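Participant: Provided below are the primary sequence and the corresponding predicted coordinates.
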Amino acid sequence: MTTMKATTVIDYIVQRIADEGVQHCFGVPGDYAFPVGDAVDRNPNIKWIGCSNELNASYAADGYARARGAAMLSTTYAVGELSAINGVMGAKAERSLVFHVVGMPSYQNQRLRKTMHHTLGDGIFDKFIDISAQAACCHAVINPDNCVIEMERVIAEARRNNQPAYIVVPSDYAQAPITPADVRPLTIKSNETSLQKAVAAITERLKSAKSVVALPAFTISRLGLQKEVRAAIEAIGCPFATTSMEKSIIDESHPQFAGMYSGVLSAEETRKIVEGAELVLNIGGVSFNDETTMGFSTHLDPARFISIGLNDVRVGDQLFGSVRIADVLAALEKFESRAPQYKRTPEGNPSINGKPSDKITMDALYPRYAAFIRSGDNVVLESGSSSFGVPPLTLPDDVQVHIQMLWGSIGWATGATFGIALADPKRKTILITGEGSHQLTANEIGNMGRFGANPIILCLNNDGYMVERALEPNPDWSYNDLAKWRYAMCRTRSDAPIGLPRVSKRWASSMPH
């Protein structure tokens, strides 16, 4: 670690976050947060990524954290942090680890109850802390004396839950020297006795069950445990299924993949396997929300579940605490199954149909999406038609799919695409969205060009909020209308300036015009 070389509070904070593998800081500057931006600029290990607004920055940080494991977001007091809170709350809901660092008015002005800008003019400065802290799993108000201790606490807690940490620092304290403390980074470990009991309970149920199915959760990709989960499932020999939130979490060509489970919309064989299993192994905490279950149309008996959470294991009425999921998976990799290994023949996608002169329909469009996506791509799906249309299709191996199915904030995908492209530059990043969502955050395209991100953006112009129209008794209500942007004029130009999307040669060969 290099953090003790930092002499000021904010230098320590920035370097300590950089130690966690974060190489970019997304944000919008503000005078209370100037010390944060200054510290990022002078730190060789982290780069400032200025965004068009705080909401976009929070979406980008969420995407970055999904691809890289952690992210940093910088906003100013009140007006900045409150603009970002929707994106940070989404990161909390879907377990993305974002370190949200907020610069606030100086401690001196707080003590004097000065009437400062970005306040309600009442001399009270901590009321926004209560709001922003709700979007995080932990928070700290930093001063020179508690800086070292509190940073280790919030980092450990954020890692334990894989959710945002909210770090607030007054502008004068930020520039003060830290008080050294003999504190080392906390290593989160399982309680060995509890771990052994949990593994014994799991293996006992596995051995006695006549049929088992595994449901790996979206949290597995957040923690980077895909290989460990695959090894555990292979050792058990059981089929596994995923909901739309876990699309491609394990390669869909895997012989044990039983398909996507989505209640009444599941393939009949997939539904029989999942709902008929005597034992359901919930690995990581699957979100059975209204969208992944198609309106709660699943038939699952909770009594049949073994739930392996990030920090505990539940087997029936038994709960084993202080047990880390990685340690449980390592133990399950050694499981020796007596049952024959499940094998399924993967099904292909619908054939591509439609002539170039035809109108674009879902049947013509989505198979083209699947054919366009290649092994090694990052695919970002916006909430709406994209998040429902793409997941049922079979995608190539080694594709990383990013989707915000639980929080479902429209506009997220465009901002998240920016963060994902910077976090994982070796992969081609593809955004699939509709113009209703895209219009919310499209100004971030300028920063994609500015900072060298180069995603492919496939924007379906539905002439309004298509999903809203589909759900409404009357699809023609005026509030589903949108400003008509001329997308084709900018994306078909061969000389489009930096920041404007160009047509991909890969896409142009397959798309109806």
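Facilitator: Ah, there it is.

Participant: Next one: the residue most central in space within the chain, what pLDDT does it get?
Facilitator: Nearest to the centroid of the C-alpha atoms of the chain, with distances taken as C-alpha atoms, centre = their mean, sits R66, at 4.3 Å. Turning to R66, the model gives it a pLDDT of 98.

Participant: That one looks like it's in a strand, true?
Facilitator: No: assessed by DSSP: H, G, I helix; E, B strand; the rest coil, R66 does not belong to a strand; its assignment is helix.

Participant: and the residue lying closest to N45 once chain neighbours are set aside, how far is that from V36?
Facilitator: What sits nearest to N45 in space, not counting adjacent residues and going by C-beta to C-beta, 6 or more residues apart in numbering, is A18, at 4.2 Å. Where you see a C-beta, it was placed from the backbone N, CA and C, and this is true even at glycine. Shown here: A18 relative to V36, a distance of 13 Å by C-beta to C-beta, to the nearest Å.

Participant: now V168
Facilitator: 11 Å.

Participant: re the thing from before, among A18 and V36, which residue is more densely surrounded?
Facilitator: V36 (28 against 20; other C-beta atoms under 10 Å).

Participant: how close does the residue nearest to L300 when sequence neighbours are not counted get to D301?
Facilitator: Excluding its sequence neighbours, the residue lying closest to L300 (C-beta to C-beta, 6+ apart) is E275, at 6.3 Å. Distance from E275 to D301, counting by C-beta to C-beta: 8 Å.

Participant: again, but for M151
Facilitator: With the distance defined as C-beta to C-beta, M151 ends up 44 Å from D301.

Participant: higher neighbour count, these two?
Facilitator: For M151 versus D301, the count of surrounding residues by other C-beta under 10 Å is larger for M151: 27 against 10.

Participant: was I right about the more buried one contacting I13?
Facilitator: Yes: distance between M151 and I13: 6.3 Å, which falls inside the contact criterion (C-beta atoms under 8 Å).

Participant: Low-confidence ranges, the stretch 1-150 of the chain, go.
Facilitator: Within the stretch 1-150 of the chain, the stretches falling below the threshold (pLDDT under 70) are 1-6.

Participant: Where do the strands of it begin and end?
Facilitator: Using DSSP state E, counting those that start in this stretch, the strands assigned to the stretch 1-150 of the chain run over residues 24-27, 47-50, 71-76, 98-104, 138-141.

Participant: Indicate which one of those is closest to M489.
Facilitator: Comparison of the strands of the stretch 1-150 of the chain against M489 by C-beta to C-beta identifies strand 47-50 as nearest, at 27.3 Å.

Participant: what are the bridge partners for Q400, then?
Facilitator: N378 (DSSP bridges).

Participant: number of nearby residues for it?
Facilitator: Q400: 21 surrounding residues under other C-beta under 10 Å.

Participant: Provide the secondary structure category for L431.
Facilitator: Of the three states, L431 takes strand under three-state DSSP.

Participant: Not counting sequence-adjacent ones, nearest residue to it?
Facilitator: T417 (4.3 Å).

Participant: Next, count neighbours for that neighbour.
Facilitator: As a burial measure, the neighbour count of T417 was computed by other C-beta under 10 Å and equals 31.

Participant: For the stretch 201-350 of the chain, which segments count as helices?
Facilitator: With DSSP state H, counting those that start in this stretch, the ranges of helices along the stretch 201-350 of the chain come out as 219-223, 226-236, 268-276, 325-332.

Participant: can you tell which of the ones you listed is closest to I410?
Facilitator: When the helices of the stretch 201-350 of the chain are compared for distance to I410 using C-beta to C-beta, the nearest one is helix 219-223, at 21.7 Å.

Participant: what packs against that closest one?
Facilitator: Applying 3 or more C-beta pairs under 8 Å, 6 or more residues apart in numbering; DSSP states H and E, we find helix 219-223 packed against helix 54-68, helix 325-332.

Participant: Can I get that helix in PDB, CA atoms only?
Facilitator: As requested, C-alpha coordinates have been extracted for helix 219-223 and formatted as PDB (Å, rounded to 0.1, in the frame of the first residue of the first chain):
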ATOM      1  CA  THR A 219     -24.200 -10.700  -7.300                       C
ATOM      2  CA  ILE A 220     -21.800 -13.400  -8.600                       C
ATOM      3  CA  SER A 221     -20.700 -11.200 -11.500                       C
ATOM      4  CA  ARG A 222     -20.300  -8.200  -9.100                       C
ATOM      5  CA  LEU A 223     -17.900 -10.200  -7.000                       C
END
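
Participant: Need the contact partners of that helix.
Facilitator: Counting contacts by C-beta atoms under 8 Å, 6 or more residues apart in numbering, the residues outside helix 219-223 that touch it are 65-66, 69, 95-97, 162, 226, 229, 246, 249, 283-285, 310, 325-326, 400.

Participant: Please report phi then psi for N45.
Facilitator: Note on N45: backbone dihedrals following degrees, to the nearest 10 are phi -100, psi 0.

Participant: Would you mind measuring from it to T187?
Facilitator: Applying C-beta to C-beta, the value for N45 to T187 is 22 Å.

Participant: With neighbour numbers in mind, choose between these two.
Facilitator: A direct count of neighbours by other C-beta under 10 Å for N45 and T187 places N45 higher, at 13 against 7.

Participant: Where does the prediction get shaky in the stretch 401-513 of the chain?
Facilitator: 490-513.

Participant: hmm, back to that, write the PyMOL selection for whichever of the contacts of helix 219-223 are buried.
Facilitator: In PyMOL syntax, the buried subset of the contacts of helix 219-223 is picked out as below (16 or more other C-beta atoms under 10 Å):
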select buried, resi 65+66+69+95+96+97+162+226+229+246+249+283+284+285+310+325+400
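
Participant: Can you show me the helices along the stretch 51-200 of the chain?
Facilitator: 54-68, 79-93, 107-111, 127-133, 147-161, 171-174, 192-208.

Participant: Check the stretch 401-513 of the chain too.
Facilitator: With DSSP H, counting those that start in this stretch as the criterion, the stretch 401-513 of the chain has helices spanning 412-423, 435-441, 445-450, 466-471, 487-491, 505-508.
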